[in-house]
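Q: return atomic coordinates for the entry below.
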Amino acid sequence: MSAPILCWLRRDLRLHDHPMLRQAADSGRPVIPVFILDPETEAIGAAAKWRLGEGVASFANTLDGIGSRLILRRGKALDVLRDLVQETGTDTVWWGRLYDPDAIVRDTAVKEGLRADGCEARSFPGHVLFEPWTVETTTGGPYRVYSPFWRSVRNREVGEACAGLRKLSTPANWPGSDALDDWALGAAMNRGAAVVAKYACIGEAAARRRLDDFLDGPVDDYAEDRNLPGIEATSRLSENLTYGEISPRAVWLAAMAQRAEGRGGKARDKGLETFLKEVVWREFAYHLIFHFPHIVTGNWREEWDDFPWRGDSGDAEAWRRGLTGEPFVDAAMREMFVTGTMHNRARMIAASYLTKHLMTHWQVGMAWFADCLTDWDPASNAMGWQWVAGSGPDAAPYFRVFNPETQAEKFDRKGTYRRTFLYEGQDEPPEQALDYLAAAPRSWRLGRDDRRPEKLIDLSEGRSRALEAYESRKG
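A: Predicted structure coming up:
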């Protein structure tokens, strides 16, 4: 009972509804929380790495507040954990499960290595509502289409949330720890870090407030307003779910509790139902990445392997910089560069424009999103890009080409969203628009007096080219 439990933290930076930490606390044994900067973690994109560092710092402060601490180490996970086992005299290492291919390879090797050393190496659920192997079709295989997946889990019990932790038993001697600042996790962000920091919502307490604020109001009109990027109508919890600052179960149970109250009428009920479907859309992404890991690196539908997508190009670079000449697309790309996130409707428009009007491979776009999003998620990013491109599961048909102009007329009729992020042509641009100039690399040579860029391609011409390629492929 005196030997500590090493609790390896990854994307579960919270005290509430944390199955691993709850069981460790209940054991009565000393608990040593550990975060490891391993090669897999170092490989994530610039914005995600910066945001992870902010989340780690916040969680370290939270642990300090309950009399514990977070030990930081850098290196290969198995090597670091073996060192800590030797230093602390323990034989118990626990962690919360992840489901993307790189994490599975790493964690399998860690579990095999530690068990070979005679350690108890145990993983816990917590990053998803329904672990991927527990949801099956009637014939016993994984789901490939969202709608039946939703029907399968919509009424499924998720269990009670674990009680929040108020105390963790501490070891007599703490192992040494790296200093977080020495890791320089925000270095690749350059001057953009200070800009993005203004829009981040960091830590467990902030995540809980964000959920409460959403359920106290915006959810009433969520079914309709979620498509309007010019207003704050969504939960914006993707950032916090990414780093486990709130659990999907806590989100689900809070929404279900409000639904059970039955207050607010049909509009609110519809909003809650739509929100729950979005939570399950994230679940579906993890279901797919677990059962079909090639979705991360290649076309989910192999018949798309010979489609004549373009590789990287000057057009793709103009898209990355928000200089396509399509205001809705450019506003979306600048929103991401300034805030680290992008409205979901805008993501679809920006992705469709790149893969269809510009005929550019979805992998080019997926890589840029991975570098710029603070809410980057390996499953959602891969599935989302392939859904829009047409090469993925449950995909929108390739011939469904989003027109940025008609989409703007429908979902940003007053131009609020575009004015928020495009400084050109405005006498007094809002802060977000000017923040793009502050965040962008100086080598892009952007300036306050810039004119709007010319269109890269006529929309009708781009659509025709995409449809012709699609029809030729079918033939």
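Q: what distance separates the one helix or strand Val34 maps to from the centre of its chain?
A: Using DSSP states H and E, Val34 maps to strand 31-37. Relative to the centre of its chain, strand 31-37 is centred 22 Å away, using Cα atoms, centre = their mean, to the nearest Å.
Q: helices or strands up against the helix or strand following it?
A: Moving toward the C-terminus from strand 31-37, the next helix or strand (DSSP H and E) is helix 39-42. Contacts defined by 3 or more Cβ pairs under 8 Å, 6 or more residues apart in numbering; DSSP states H and E place helix 39-42 against helix 46-65, helix 101-116. C-beta: built from backbone N, CA, C; applies to glycine.
Q: pick the most deeply packed of these.
A: Neighbour counts (mean count of other Cβ atoms under 10 Å) averaged over each of these peak at helix 46-65, with a mean of 21.
Q: mean confidence (pLDDT) on it, please.
A: Mean pLDDT, computed over helix 46-65, is 98.
Q: now swap in stretch 273-286 and tell me
A: Stretch 273-286 comes out at a mean pLDDT of 97.
Q: buried set for it?
A: 275-276, 278-286 (16 or more other Cβ atoms under 10 Å).
Q: and what of stretch 193-210?
A: Taking 16+ other Cβ under 10 Å as the criterion, stretch 193-210 shows 193, 195-197, 199-200, 202-204, 206-208, 210 as buried.
Q: still on that earlier bit, and the buried residues of stretch 273-286, which is closest to Cys7?
A: Comparing these against Cys7 with Cβ to Cβ places Tyr286 closest, at 22.1 Å.
Q: other SSEs contacting the helix or strand harbouring that closest one?
A: Tyr286 is part of helix 265-291 when elements are defined by DSSP H and E. Helix 265-291 sits against helix 146-153, helix 222-225, helix 248-261, helix 378-389, with contacts defined as 3+ Cβ pairs under 8 Å, 6+ apart.
Q: off-centre distance for it?
A: Distance, stretch centre to chain centre, for helix 265-291: 15 Å (Cα atoms, centre = their mean).
Q: and if you look at stretch 101-121?
A: Distance, centroid of stretch 101-121 to centroid of chain: 25 Å (Cα atoms, centre = their mean).
Q: return the helix or strand in this protein with minimum mean pLDDT.
A: When each helix and strand of the chain is scored by mean pLDDT, DSSP states H and E, helix 459-474 comes last, with a mean of 90.
Q: got the contact list for that one?
A: 306-308, 326, 356-359, 390, 398-399, 401, 403-405 (Cβ atoms under 8 Å, 6 or more residues apart in numbering).
Q: surely Val401 forms part of a strand?
A: No. Counting by DSSP: H, G, I helix; E, B strand; the rest coil, Val401 is not part of a strand but coil.
Q: relative to Asp26, how far out is it?
A: Distance, Val401 to Asp26, by Cβ to Cβ, to the nearest Å: 55 Å.
Q: if you count what's nearby, which of those two comes out ahead?
A: Val401 (20 against 11; other Cβ atoms under 10 Å).
Q: the more buried one and Glu468, how far apart?
A: Distance of Val401 to Glu468, computed by Cβ to Cβ: 12 Å.
Q: now do Arg210
A: As judged by Cβ to Cβ, Arg210 and Glu468 stand 45 Å apart.
Q: try Arg236
A: Counting by Cβ to Cβ - Arg236 and Glu468 are separated by 39 Å.
Q: same check, this time on Glu454
A: From Glu454 to Glu468 the distance is 24 Å (Cβ to Cβ).
Q: any idea which of the contacts of helix 459-474 the model trusts least?
A: Within the contacts of helix 459-474, the minimum per-residue pLDDT falls on Tyr398 (68).
Q: now do the helix or strand where Ala346 lies against helix 265-291, angle only.
A: Per DSSP H and E: Ala346 is located in helix 344-352. Helix 344-352 and helix 265-291 meet at an angle of 40 degrees, taking axes from the mean of the first three to the mean of the last three Cα atoms, to 10 degrees as the criterion.
Q: quick one: distance of helix 344-352 to the chain centre.
A: Using Cα atoms, centre = their mean, the offset of helix 344-352 from its chain centre is 15 Å.
Q: same check on stretch 54-63?
A: 19 Å.
Q: ok, stretch 393-412 next?
A: The gap between where stretch 393-412 is centred and where its chain is centred comes out at 22 Å by Cα atoms, centre = their mean.
Q: only the buried residues of that stretch, if you could.
A: For stretch 393-412, burial by neighbour count (16+ other Cβ under 10 Å) applies to 393-395, 398, 401-404, 407-408, 411-412.
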